[in-house]
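K.L.:
Predicted model, plus sequence, below.
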Amino acid sequence: MQKTPTVVASCALLLFAPGCLGALAAAAFVDALPCDGKLVEELQDQDGLSDECRADIAPYLPDPQDSFDGRLVVLGEAHDQVGAVSVFVHGVDELGSVLDESDWADARVTVWADGEPTEVPPQQLGVEVLGNSSEPFASIAIVNDYSASMLDSDLDDVEALQLDVLECLPPAVEGSVTYFSEAVSQVQDFTEDRGALLAALQRDDDFDRDTTALYDGMGQALEQRVERDRPVRVLLVSSDGLENASTTWTEDAVLELVEQEDITVVMLGALLADLGQMRDLTQHDGVYFYTPFYADMHEQLDDYVASLKQMARLTVPVDFADADRIEIEVGGHSVTVPLSQ
């Protein structure tokens, strides 16, 4: 059956939305796509895609998109021994420019206690940009998809993207690396040894590439991550496919632990990655990026990476220790941070 423009337009996200598969059936679109002779639902569950199949489905994949544009991203909070509260934040202004030291110096911070707002006087607000800090305040758990649909070139592109992120984080950041396909393996425990971390990100041609146990990969990395006590906690995940093989973890269980431990999830998705799933997994102060192919993601990630280099710590003095939330206004944006007690 010949595909009509109407069907293609209405199901531009057919590879990501199960409901759209029903729309295809309703439109009597039941023939196999010219893609390894598979129906759409079969493509979602098979182990890998040939080069020809990837080329065939490219016109149906969503346009590049992300949830970072025009945002302040809160990476964590810390309470010192006397009661002062620090919030770690980065982002871009309303024009899309990276917020830097001069912008953070102009930030307006309001604390709320018992429903009453109080603006923190600028002279009492501590402001520090942390790009070159030697303090051990951040940790990042990296989780990489090694399913069969990930080509060698995809893994190389993911490595390059993650190297860009690491290069913009402070020198004392600690990191771990986990691979997943049908099986999950932590290949590098948390370490501040940058050389060991970079070595673990290099493509491993011996790791079995099979199905996509995304939740199991994230869950195992999260279990290791919650044992760390640094205030900035990031889970950086790459995946190009739909979850189809987890046996231990569910999406709800992953989300519960992310919220409970105040972990920032950053998703790098490509090809058949589920956009709805990426939005769900990053709903707790997280960020997602999607491009049809990882080779095209570098430019999209540029501002995010540059803003990490300008990450700021805004510290509210002990005078406001009874605050239950903090509102930060800077660069034409604002974000409210509920405080843990």
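P.N.:
Yes, it's here. Computed from a predicted structure; not experimentally measured.

K.L.:
which stretches of the stretch 201-341 of the chain have low pLDDT?
P.N.:
Residue ranges of the stretch 201-341 of the chain with pLDDT under 70: 341.

K.L.:
Go through stretch 242-254 and flag the buried ones.
P.N.:
L242, E243, A245, S246, W249, E251, V254 (16 or more other C-beta atoms under 10 Å). All C-beta atoms are positioned from the backbone trio N, CA, C, and that covers glycine.

K.L.:
these two touch, right, the last one and G217?
P.N.:
Read it as V254. No: assessed by C-beta atoms under 8 Å, V254 is found out of contact with G217, at 9.8 Å.

K.L.:
quick revisit: any chance of CSV for the buried residues of stretch 242-254, columns distance to V226?
P.N.:
Output for the buried residues of stretch 242-254, formatted as CSV (distance: C-beta to C-beta, whole Å):
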residue, distance to V226
L242, 26
E243, 21
A245, 23
S246, 19
W249, 14
E251, 18
V254, 12
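
K.L.:
and V85, what is it in contact with?
P.N.:
Residues near V85 by C-beta atoms under 8 Å, 6 or more residues apart in numbering: E77, A78, H79, T315, V316, F320, A321, A323, I326, L339.

K.L.:
Relative to P338, how far out is the closest residue to V316 other than its chain neighbours?
P.N.:
Nearest residue to V316, sequence neighbours excluded (C-beta to C-beta, 6 or more residues apart in numbering): V85, at 4.8 Å. V85 sits 12 Å away from P338 when distances are taken as C-beta to C-beta, to the nearest Å.

K.L.:
T110 now?
P.N.:
Counting by C-beta to C-beta, the gap from T110 to P338 is 14 Å.

K.L.:
okay, those two: which has more neighbours?
P.N.:
Shown here are T110 and P338; by other C-beta atoms under 10 Å, T110 has more neighbours (18 against 12).

K.L.:
before we move on, what SS does the closest residue in space to that one that isn't next to it in sequence have?
P.N.:
Excluding the flanking residues, the one nearest T110 by C-beta to C-beta, 6+ apart is E327, at 4.4 Å. The three-state label given to E327 by DSSP: H, G, I helix; E, B strand; the rest coil is strand.

K.L.:
Could you do D208 as well?
P.N.:
Once three-state DSSP is applied, D208 turns out coil.

K.L.:
Who are the contact partners of it?
P.N.:
Y146, S181, E182, A183.

K.L.:
any idea how far it lies from Y146?
P.N.:
D208 is 8 Å from Y146, by C-beta to C-beta.

K.L.:
same question, V265
P.N.:
V265 sits 19 Å away from Y146, going by C-beta to C-beta.

K.L.:
now swap in A312 and tell me
P.N.:
35 Å.

K.L.:
now E119
P.N.:
For E119, the distance to Y146 - C-beta to C-beta - is 50 Å.

K.L.:
more crowded one of the two?
P.N.:
The neighbour comparison of E119 against Y146 (other C-beta under 10 Å) goes to Y146, with 25 against 12.

K.L.:
Please name the residues that touch the more buried one.
P.N.:
L155, Y179, F180, S181, D204, F207, D208, R209.

K.L.:
Kindly report the same for Y179.
P.N.:
Applying C-beta under 8 Å, 6+ apart, the residues near Y179 are N144, Y146, S185, V187, D204, F207, G217.

K.L.:
For the residues you listed, pick the one with the most neighbours.
P.N.:
Going by other C-beta under 10 Å, G217 tops the contacts of Y179 with 30 neighbours.

K.L.:
mind listing what's buried in the host helix or strand of that one?
P.N.:
Using DSSP states H and E, G217 sits in helix 214-225. By 16+ other C-beta under 10 Å, the buried positions in helix 214-225 come out as L214, Y215, D216, G217, M218, G219, Q220, A221, L222, R225.

K.L.:
And it, what does it pack against?
P.N.:
strand 138-145, strand 174-180, strand 184-191, strand 232-239, helix 251-260 (3 or more C-beta pairs under 8 Å, 6 or more residues apart in numbering; DSSP states H and E).

K.L.:
Who is the residue nearest to V316 paired with across the strands?
P.N.:
When assigned by DSSP bridges, V85 has beta-bridge partners H79, V316.

K.L.:
State the pLDDT value of it.
P.N.:
Looking at V85, its pLDDT reads 93.

K.L.:
Please report how far it lies from E261.
P.N.:
18 Å.

K.L.:
Now S239: closest residue in space that isn't a chain neighbour?
P.N.:
Going by C-beta to C-beta, 6+ apart, S239 has D145 as its nearest residue, at 4.1 Å.

K.L.:
need the contact list for E128.
P.N.:
So E128 contacts A312, R313, T315 (C-beta under 8 Å, 6+ apart).

K.L.:
so what's the backbone phi/psi at the residue most central in space within the chain?
P.N.:
Nearest to the mean C-alpha position of the chain, by C-alpha atoms, centre = their mean, lies V266 at 1.0 Å. Note on V266: backbone dihedrals following degrees, to the nearest 10 are phi -120, psi 120.

K.L.:
right, and the helices and strands packed on helix 214-225 - which one's nearest W104?
P.N.:
Proximity to W104, assessed across these by C-beta to C-beta, is greatest for strand 232-239 (15.9 Å).
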